[in-house]
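>>> pasting the sequence and the predicted coordinates here, then a few questions.
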Amino acid sequence: MEKQDQLLMKKQNKNLVLEIIRNQSPISRMEIAKVIGMSPTSITRIVNELHIQGYVRETELVTSGVGRKAALLDVCDDVLYTIGIELDKLIIKIGIVNYVGEIVAWKSVEREAFEDYNETLDKVNLNLKVLIDINRIPTEKIIGIAVGLPGLIDYKKGVVMVSDQLKWKNVNLADDLKQLTQFDVIVDNELKMKIVAENFKGMTKDSRNAVLVGIGSGIGSAIILNGEIYRGETNNAGEIGHTVIDPTGNVCHCGKVGCLATYISEGAILTDSRKVKEIGSIDDVFDSYRNGESWAINILDRTSTYIALAISNILCLYNPEVIILSGNTIEKLPEIKEAIEQKCELYIWEPIKESVKIVYSQLSDRGVVLGAAIQAQNLLLNIE
Ligand SMILES: [Zn+2]
């Protein structure tokens, strides 16, 4: 083997060992050796290097059963930080996250619906600097930023191809934000970021096959297959909002007829509600539902039917172990869960019904920020 190749392999192994310790801690050297299939001697050497560099520490001693006690390893929480950012139509959320996935600083700022691209970026930069300063986070420990937002994203280039919510088209967000902040930046669709958080410390922790569905102002999903985010050819896998459920149905803003989003998105619910009553916001519709107003019950009953149909279709396509429901509609109207579950009982195909768990995200409004920060660790950390 060439010297260069040897060095590269050593570096890859080191990063891999560190990632395993972060994800599976507390863990012993022996267990790491088993997971990656390397000799315990090699693992001990790598762990020693990581220890000297300040990435890992020994936590407790456990008896392994054969007499000698084994030390368990954990990562050092403050050895590095990443920044997670969520951009949405009316809000910007920023979180500084440590190496064990704890949000150590948090700020949310309002955004105007028609705010200019550069104005939003300046706002992000300014608030980020303030957040770093007041929390005294050493900038040299920050390894980068990851941004999650609704829209079609070229994640390799960091380009937002189109975001209807933010009214952006073909903007090079990664480069522009790097220019402003001086940090490396990665960009991805918000639900893909969110499922990273769910897989790290949420409802699908350690699950190899999982789907997250987002139901709110937009409709979409993110898929993990065999432990990896499934992106498809152009990073659009999971865009279930534009699956057609009625070819004679409502016209969608995408130009097609009968897309799922035109039945269950907040906008769709509002459009139908306003045919009956003067309604200000989606909260008014949910209040009317709780007050037992029949029109609201009818509309949301149809919503829950279509959500259950979407779930049953997803289950047939991907056969996941877990499906997580998340988003504004689920969070603001928890009553809809029961209706969805009852309908799932009817619609889900028998051969997969028993094997799947339907759960709800517990990360509330912080999931995208947390997932983005974890993804920044996954992709930007590259130790020598
Ligand atoms: Zn559509």
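Nice, thanks for sending it over.
>>> give me the most central residue, this structure.
Central residue of the chain (C-alpha atoms, centre = their mean): residue 194, 1.2 Å from the mean position.
>>> any idea how far residue 117 lies from the ion?
24 Å (C-beta to the ion, to the nearest Å). From N, CA and C alone the C-beta is placed, and that goes for glycine too.
>>> please apply the same query to residue 257.
9 Å.
>>> is it correct that residue 368 falls within a helix?
Yes: under DSSP: H, G, I helix; E, B strand; the rest coil, residue 368 sits within a helix.
>>> hmm, back to that, which phi and psi does the residue nearest to the centre of the chain have?
Dihedral pair for residue 194: phi -60, psi -40, per degrees, to the nearest 10.
>>> for it, which non-adjacent residue is closest in space?
Spatial nearest neighbour of residue 194, excluding adjacent residues (C-beta to C-beta, 6 or more residues apart in numbering): residue 367 at 4.4 Å.
>>> now do the contacts for the one you found.
193, 194, 197, 198, 202, 326, 361 (C-beta atoms under 8 Å, 6 or more residues apart in numbering).
>>> got the CA positions of the worst-scoring helix or strand of the chain on mean pLDDT in PDB?
Sorting the helices and strands of the chain by mean pLDDT, DSSP states H and E puts strand 56-63 at the bottom, at a mean of 80. Taking C-alpha atoms only, strand 56-63 is exported to PDB below (Å, rounded to 0.1, in the frame of the first residue of the first chain):
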ATOM      1  CA  VAL A  56     -12.700  11.300  24.200                       C
ATOM      2  CA  ARG A  57     -12.600  10.500  27.800                       C
ATOM      3  CA  GLU A  58     -13.000   7.400  30.000                       C
ATOM      4  CA  THR A  59     -16.200   7.400  32.100                       C
ATOM      5  CA  GLU A  60     -16.700   4.400  34.300                       C
ATOM      6  CA  LEU A  61     -15.400   0.900  34.800                       C
ATOM      7  CA  VAL A  62     -17.600  -2.100  34.200                       C
ATOM      8  CA  THR A  63     -16.900  -5.700  34.900                       C
END
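>>> quick one: that strand to chain centroid distance?
31 Å (C-alpha atoms, centre = their mean, to the nearest Å).
>>> against which helices or strands is the helix or strand following it packed?
Moving toward the C-terminus from strand 56-63, the next helix or strand (DSSP states H and E) is strand 69-75. With contacts taken as 3 or more C-beta pairs under 8 Å, 6 or more residues apart in numbering; DSSP states H and E, strand 69-75 sits against helix 3-24, strand 27-28, helix 29-36, strand 56-63.
>>> strand 69-75: partners in the sheet, and parallel or antiparallel?
Strand 69-75 sits in its sheet next to strand 27-28 (antiparallel), strand 56-63 (antiparallel), going by DSSP bridges.
>>> mean neighbour count and distance to residue 122 for those - can I get that in CSV?
Shown next, in CSV, are the strands paired with strand 69-75 (neighbours: other C-beta atoms under 10 Å; distance: least, C-beta to C-beta, whole Å):
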stretch, mean neighbour count, distance to residue 122
strand 27-28, 19, 43
strand 56-63, 14, 38
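>>> how does the chain divide into domains?
3-75, 81-195+367-380, 204-362 (automatic domain parsing).
>>> among those domains, which is the most enclosed?
The highest mean neighbour count among the domains of the chain, using mean count of other C-beta atoms under 10 Å, belongs to domain 81-195+367-380: a mean of 19.
>>> residue 211 against residue 229, yeah?
No: Residue 211 is beyond contact range of residue 229, at 11.2 Å (criterion: C-beta atoms under 8 Å).
>>> would you list the phi and psi of the closest residue to residue 283 other than its chain neighbours?
Spatial nearest neighbour of residue 283, chain neighbours left out: residue 332 (6.9 Å); criterion: C-beta to C-beta, 6+ apart. Dihedral pair for residue 332: phi -80, psi -20, per degrees, to the nearest 10.
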